[in-house]
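S.K.: Any chance you could fold what I've pasted below:
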Amino acid sequence: MSWFGRIFRGGGSETDQEQEDGDIEALLASAAKAAGRGDYEMAVAMWRPLAEGGVPRAQSNLGACYADGLGVERDLYEAVDWFRRAAEAGDALGQRNLAALCFKGEGGAAQDDVAAFELYRLAAEGGDAAAQDMLSWMLLEGQGVEADPVESRRWALAAAEQEVATSMTRLGLIAHDALGMERDPEEAARWWYEAARRGEPDAQAMLGGALHLGSGVERDDRAALVWLTRADDGGSPLAATFLDAVRGALSGEEIAAAEAVARQQQGAEEPSDPEREG
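M.R.: Numbers count the residues shown, from 1 in each chain. From the prediction side, this is the model:
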């Protein structure tokens, strides 16, 4: 009997079940390695029988391959089918991926912010960091649900604990704009710094603005220009708000030095850590 056949034959003792669970985990790991090296055809060949056998994570992964055309022809309708199976089985990744298609109204999934919100909530409760980030955004914007900045902050904190930089940026915004909390410019600057040093362009722009204005952190136009240049290079439209004013406050030599630092490998110099400037 084939390996797949043994896994899905059903029944057997508790020891047999433990062996089957181990075999499934091994196959999932092997498929992930294949995908990691770009061999999606091999990954699909391994995920498909697992997905057809009812393994939720394999269903999610197979759906993602159909959604992006990786190892198979792109087919959003097929993707929705696999995501729905995984979501109904409680797989957080499947719930989040199905939520994204409901949010966009793609692949035969009707555009439905309320349905998307509920799916993101389930995935967030299951510990999915990207779902926690999106749930936080929807709660802050009132998308598919009544706006609730306090709940938005709770989910942003959960995502930030999992290193999601966009949630760190949002936490800075919530603190700066006093959304469901007392205004706290220092907390805002700290969160923007944490997101900025992880490469998040909007946070880099907001940190640059804070450094220029001396909001929650000591004013430092040279450091502001470093972060604003990185933000502008990263595509943040927010950087333009402050760039001219900051350049106008510096000499040509200071501008050249700041821009040189900005374009070094990030992490070589991280100017104005609000945590250290106390």
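
S.K.: Check which helix or strand Ser167 maps to.
M.R.: helix 165-176 (DSSP states H and E).

S.K.: Now Asp184. Nearest residue, chain neighbours left out?
M.R.: Ala175 (4.5 Å; Cβ to Cβ, 6 or more residues apart in numbering). From N, CA and C alone the C-beta is placed, and that goes for glycine too.

S.K.: For the one you found, give me its contacts.
M.R.: With contact set as Cβ atoms under 8 Å, 6 or more residues apart in numbering, Ala175 has these partners: Met181, Arg183, Asp184, Pro185, Glu187, Ala188, Trp191.

S.K.: mean confidence score for the helix or strand hosting Leu98?
M.R.: Per DSSP H and E, Leu98 falls inside helix 92-104. In this model, helix 92-104 has a mean pLDDT of 96.

S.K.: Check which residues of it are buried.
M.R.: By neighbour count on 16 or more other Cβ atoms under 10 Å, the buried set for helix 92-104 is Ala92, Leu93, Gly94, Gln95, Arg96, Asn97, Leu98, Ala99, Ala100, Leu101, Cys102, Phe103.

S.K.: would TSV of these with distance to Ala26 be doable?
M.R.: Converted to TSV, those look like this (distance: Cβ to Cβ, whole Å):
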residue	distance to Ala26
Ala92	21
Leu93	19
Gly94	21
Gln95	25
Arg96	25
Asn97	24
Leu98	27
Ala99	29
Ala100	29
Leu101	30
Cys102	33
Phe103	34
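
S.K.: Can you list the low-confidence ranges for this structure?
M.R.: Residue ranges of the chain with pLDDT under 70: 1-21, 265-278.

S.K.: which residue is nearest the middle of it?
M.R.: Most central in the chain under Cα atoms, centre = their mean is Ala130, positioned 4.1 Å from the mean C-alpha point.

S.K.: and it, what element?
M.R.: Element membership of Ala130, judged by DSSP H and E, is helix 129-141.

S.K.: which of the residues in that helix are buried?
M.R.: Ala129, Ala130, Ala131, Gln132, Asp133, Met134, Leu135, Ser136, Trp137, Met138, Leu139, Leu140.

S.K.: Would you mind writing the CA trace of it as PDB?
M.R.: Coordinates of each C-alpha in helix 129-141 appear next as PDB, following Å, rounded to 0.1, in the frame of the first residue of the first chain:
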ATOM      1  CA  ALA A 129      -0.900  37.300  12.800                       C
ATOM      2  CA  ALA A 130      -1.900  38.700   9.400                       C
ATOM      3  CA  ALA A 131      -5.600  38.200  10.300                       C
ATOM      4  CA  GLN A 132      -5.100  40.000  13.600                       C
ATOM      5  CA  ASP A 133      -3.500  42.900  11.700                       C
ATOM      6  CA  MET A 134      -6.400  43.000   9.100                       C
ATOM      7  CA  LEU A 135      -9.000  42.700  11.900                       C
ATOM      8  CA  SER A 136      -7.400  45.600  13.700                       C
ATOM      9  CA  TRP A 137      -7.600  47.700  10.500                       C
ATOM     10  CA  MET A 138     -11.200  46.900   9.900                       C
ATOM     11  CA  LEU A 139     -12.200  47.700  13.500                       C
ATOM     12  CA  LEU A 140     -10.300  51.000  13.300                       C
ATOM     13  CA  GLU A 141     -11.900  52.000   9.900                       C
END
